[in-house]
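Enquirer: Give me a 3D structure for the following:
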Amino acid sequence: GQCVINCPFGALSDRSFMVDVIKLISSGAPVYAMVAPAIEGQFGPDVSVGMIREAVMKLGFRDMYEVSLGADFVSKNEGQELLEHYEAGEKMTTSCCPAFVSLIKKHYPQVLKYMSTTVSPMTATGRLIKAMHPDAVCVFIGPCIAKKSEVIDSITFGGADYAMTYEELASMFEAKNIDPEECTETLQQGSKFGKQYSVSGGVTAAVLETFKEANKEVDLKVKTCSGALECKKALMLLKVGKLPEDFIEGMACVGGCVNGPAMLGKSRTFLKDRNGQIAKADDRGVLENVAQYDEYGINMTRNHQ
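Expert: Okay, here's the model as predicted:
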């Protein structure tokens, strides 16, 4: 989606599902919002995730869930998958960023066998919501335009049904005269590690945290790729068998999702606001957070329907 915001002629635009979502809400359908891990700080330094949830429900959504919760599921599953690859002497790449996945499929199909088969945090969160609420319609809301393509490509995966951007959510708030700053609710569903999935290096840190929590010592070498150019270099090395690292974390946006094309806050103060909010979150472990939902038996592989 970076081409949309960088085109000097404004000739490009992303597809919007906002009208479809509004119609579903108006029909009384049980529509659930899922906010991406970059949400902290998006609506100002004093607007917490819980306040956004309250505002979202005022719009008519049945409820709102943090995709950082789904990220915790991904951390656990991808950690197990990475361990299997490592013990077999094989390399592995992440599969969270849809633009990175698209890059592999289109230009480096030879390394597809190394790509994680774990679903994205968006799909994991959608599957969890639908396990708890079988009739739910799930709408991802984040800073990423590529997620709209992922929804279309993975509609049979049982995760998200629609995708919107933070900009579209803000316009819905404005249309309904809803100010998140006037809300008071508190909420934390994801761990701090899940919340940092939106920052380059965050996925790796979360996966390594699962090893630590499980008391497993794994001497991994990791290549953290921030931006498409670094992703291309690492994938080329992997393709020709010259990659020294064991694990590639690929993010198409420089710095991670916090620099996504549909972010509301793009100034230096945004990251300060974001980090200040995340610092207030509790220190729950990734594995203990996921364990709360064991009864739902969420399948974490992409080929599951």
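
Enquirer: which residues sit in contact with Val258?
Expert: 38, 143, 198-199, 270-271, 274 (C-beta atoms under 8 Å, 6 or more residues apart in numbering). Just so you know, the C-beta spots here come from the backbone N, C-alpha and C atoms, and that holds for glycine as well.

Enquirer: any chance of these in TSV, plus pLDDT?
Expert: Shown next, in TSV, are the contacts of Val258 (pLDDT from 0 to 100):
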residue	pLDDT
Ala38	93
Pro143	94
Ser198	94
Val199	95
Phe270	84
Leu271	86
Arg274	91
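
Enquirer: Could you find the closest non-adjacent residue to Ile39?
Expert: Distances taken as C-beta to C-beta, 6 or more residues apart in numbering place Val49 nearest to Ile39, at 6.0 Å, with adjacent residues excluded.

Enquirer: my read: that neighbour touches Gly194, true?
Expert: No - counting by C-beta atoms under 8 Å, Val49 sits too far from Gly194 to count as a contact (11.8 Å).

Enquirer: so what's the backbone phi/psi at Gly201?
Expert: The phi/psi pair for Gly201 (degrees, to the nearest 10) reads phi 100, psi -10.

Enquirer: and what of Ala252?
Expert: Dihedral pair for Ala252: phi -70, psi -30, per degrees, to the nearest 10.

Enquirer: What's the local residue count around it?
Expert: Ala252: 26 surrounding residues under other C-beta atoms under 10 Å.

Enquirer: Would you mind giving me the confidence score for it?
Expert: Looking at Ala252, its pLDDT stands at 95.

Enquirer: show me what contacts it?
Expert: By C-beta under 8 Å, 6+ apart, the residues touching Ala252 are 2, 97, 99-100, 103, 146, 227-228, 231.

Enquirer: try Gly50
Expert: Contacts here follow C-beta under 8 Å, 6+ apart; on that basis Gly50 touches 183-188.

Enquirer: For Gly250, which non-adjacent residue is closest in space?
Expert: Gly250 sits nearest to Phe100 (C-beta to C-beta, 6+ apart), 3.7 Å away.

Enquirer: For that neighbour, pull up the helix or strand it's in.
Expert: helix 98-107 (DSSP states H and E).

Enquirer: is it true that Met57 touches Tyr65?
Expert: No - look at Met57 against Tyr65 with C-beta under 8 Å: they stay out of range, at 11.7 Å.

Enquirer: Between the two, tell me which one has more neighbours.
Expert: Using other C-beta under 10 Å, the more surrounded residue of Met57 and Tyr65 is Tyr65, with 22 against 16.

Enquirer: Check the average confidence over the helix or strand harbouring that one, would you?
Expert: Using DSSP H and E, Tyr65 sits in strand 63-66. The predicted model assigns strand 63-66 a mean pLDDT of 98.

Enquirer: Check stretch 240-247 too.
Expert: The average pLDDT within stretch 240-247 is 96.

Enquirer: Run through who's touching that stretch.
Expert: With contact meaning C-beta under 8 Å, 6+ apart, stretch 240-247 is reached by 82, 85-86, 91-94, 204, 207, 220-223, 234, 237.

Enquirer: so where does Asp72 fall, helix or strand?
Expert: Using DSSP H and E, Asp72 sits in helix 67-87.

Enquirer: neighbours of the residue lying closest to Val101 once chain neighbours are set aside, just the number please.
Expert: In this structure, Val101 finds its nearest non-sequential neighbour in Ser95, 5.5 Å apart by C-beta to C-beta, 6+ apart. Residue neighbour count, defined by other C-beta under 10 Å, stands at 21 for Ser95.

Enquirer: Distance of the nearest residue to Gln110 once chain neighbours are set aside relative to Thr93?
Expert: Leaving aside its chain neighbours, Gln110 sits nearest to Lys239 (5.2 Å; criterion: C-beta to C-beta, 6+ apart). As for Lys239, its distance to Thr93 is 11 Å (criterion: C-beta to C-beta, to the nearest Å).

Enquirer: Thanks a lot, catch you later.
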